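Q: Build the 3D model from these lines:
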Amino acid sequence: MESTRQSNWFITFTFWATMGFLYLPLAYLVVQAFLVDPMDIGSGFTTNWVTALLESDALWEPLLNSLVIGIAAATIATAVGTIGAIGFGPFSTVLPPSLTALIMLPILIPEVITGLSLLLFFLLFRFELGMTTVVLAHASFSASFVYFIMIEQLRKLDPHLGEAAYDLGAKPTQIFWKVILPNIIPGLMGGWLLSFTISFDDFLISFFTSGAGLTTLPLKIYSLMRIGFSPELNAMSLVMICLSTALVMILWSREQSRKWVISGS
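A: Residues are numbered from 1 along each chain as shown. Below is the predicted model:
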């Protein structure tokens with residue numbers, strides 16, 4: 001009995017210690033967004049930094065650029081990764097290790113090498129550096145993440161579903177749109193969100209492929225931090241935390257609703 005209590009205490013302590021390690025810095029960042037002096041927790045509270053952020057265009061344009069690039073790159077990466085997973089899916093267990101390693105290579109290569117190679121590639125073919133090159137660069141290495149997510153998602157599908165639909169007269173396109181696609185939507189959403197997150201907070205590859213006329217939010221934050229600490233960054237971080245939390249809650253509620261509908265409860 002005593003050993004059980006000690007085990008429960010240890011599990012509880014480990015859980016809360018882990019949660020504190022993960023979320024205390026974020027909580028302090030939220031508090032800093034409302035401090036008169038962000039470096040002095042006893043300086044009092046104010047909303048001046050949030051107001052200054054709303055009235056300034058210095059961070060909103062890079063934020064919009066990052067959102068557009070993230071959405072475009074995630075969409076392309078999800079499409080490419082899903083098509084690859086569907087094409088290789090039936091053979092995923094017998095693929096040569098060298099081919100699997102080749103697909104995984106963009107994940108394993110350091111980002112600085114990836115960014116430099118992409119920059120040289122774009123310069124070789126005389127691409128004008130800008131939003132298009134950043135989108136293509138982000139999608140090129142995000143597609144590998146989507147591929148492995150979708151491979152696992154497809155393995156969970158009953159292989160007889162497609163055969164049953166075919167026996168009932170469904171065409172291959174109908175099988176994909178009406179049988180396969182509805183069953184892999186969770187994987188698609190997960191792959192898209194992962195690709196968007198990777199693209200949105202990427203710094204190194206954006207640094208190499210953005211050129212002089214485009215600034216993403218990570219690049220803007222880096223340039224501001226080189227000059228000195230800006231309290232507006234805390235306010236921007238607060239906005240991003242709120243948006244991320246809202247997105248997670250929306251997706252979670254939709255997934256719970258889907259489970260309730262399926263279970264009939």
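
Q: measure the residue most central in space within the chain to residue 88 for me?
A: Within the chain, the residue whose C-alpha comes closest to the C-alpha centroid is residue 197; the distance, by CA atoms, centre = their mean, is 2.1 Å. Residue 197 sits at a distance of 24 Å from residue 88 (criterion: CB to CB, to the nearest Å). For the C-beta atoms, the positions are set from N, CA and C on the backbone; glycine is no exception.

Q: and what of residue 193?
A: Residue 193 sits 22 Å away from residue 88, going by CB to CB.

Q: could you pull out the helices for the stretch 151-265 of the chain?
A: Per DSSP state H, counting those that start in this stretch, the stretch 151-265 of the chain has helices spanning 160-167, 172-175, 181-200, 204-209, 217-227, 231-263. These are given in chain order.

Q: So residue 187 sits against residue 155, correct?
A: No - counting by CB atoms under 8 Å, residue 187 sits too far from residue 155 to count as a contact (10.3 Å).

Q: Those two: which is more packed in?
A: residue 187 (22 against 12; other CB atoms under 10 Å).

Q: could you dump stretch 135-152 to PDB, C-alpha only?
A: Listed in PDB are the C-alpha atoms of stretch 135-152, where the atom choice follows Å, rounded to 0.1, in the frame of the first residue of the first chain:
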ATOM      1  CA  VAL A 135       7.100  28.400 -50.300                       C
ATOM      2  CA  LEU A 136       8.800  25.900 -52.600                       C
ATOM      3  CA  ALA A 137      11.700  25.500 -50.100                       C
ATOM      4  CA  HIS A 138       9.400  24.900 -47.100                       C
ATOM      5  CA  ALA A 139       7.200  22.500 -49.000                       C
ATOM      6  CA  SER A 140      10.200  20.500 -50.300                       C
ATOM      7  CA  PHE A 141      11.300  19.400 -46.800                       C
ATOM      8  CA  SER A 142       7.800  19.400 -45.100                       C
ATOM      9  CA  ALA A 143       6.500  16.800 -47.700                       C
ATOM     10  CA  SER A 144       8.700  14.100 -46.100                       C
ATOM     11  CA  PHE A 145       7.000  14.600 -42.700                       C
ATOM     12  CA  VAL A 146       3.600  14.400 -44.400                       C
ATOM     13  CA  TYR A 147       4.600  11.200 -46.300                       C
ATOM     14  CA  PHE A 148       5.500   9.300 -43.100                       C
ATOM     15  CA  ILE A 149       2.300  10.500 -41.300                       C
ATOM     16  CA  MET A 150       0.200   9.400 -44.200                       C
ATOM     17  CA  ILE A 151       1.900   6.100 -44.600                       C
ATOM     18  CA  GLU A 152       0.900   5.300 -41.000                       C
END
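
Q: Please identify the buried residues of it?
A: Neighbour-count burial for stretch 135-152, with 16 or more other CB atoms under 10 Å as criterion, is recorded at 135-151.
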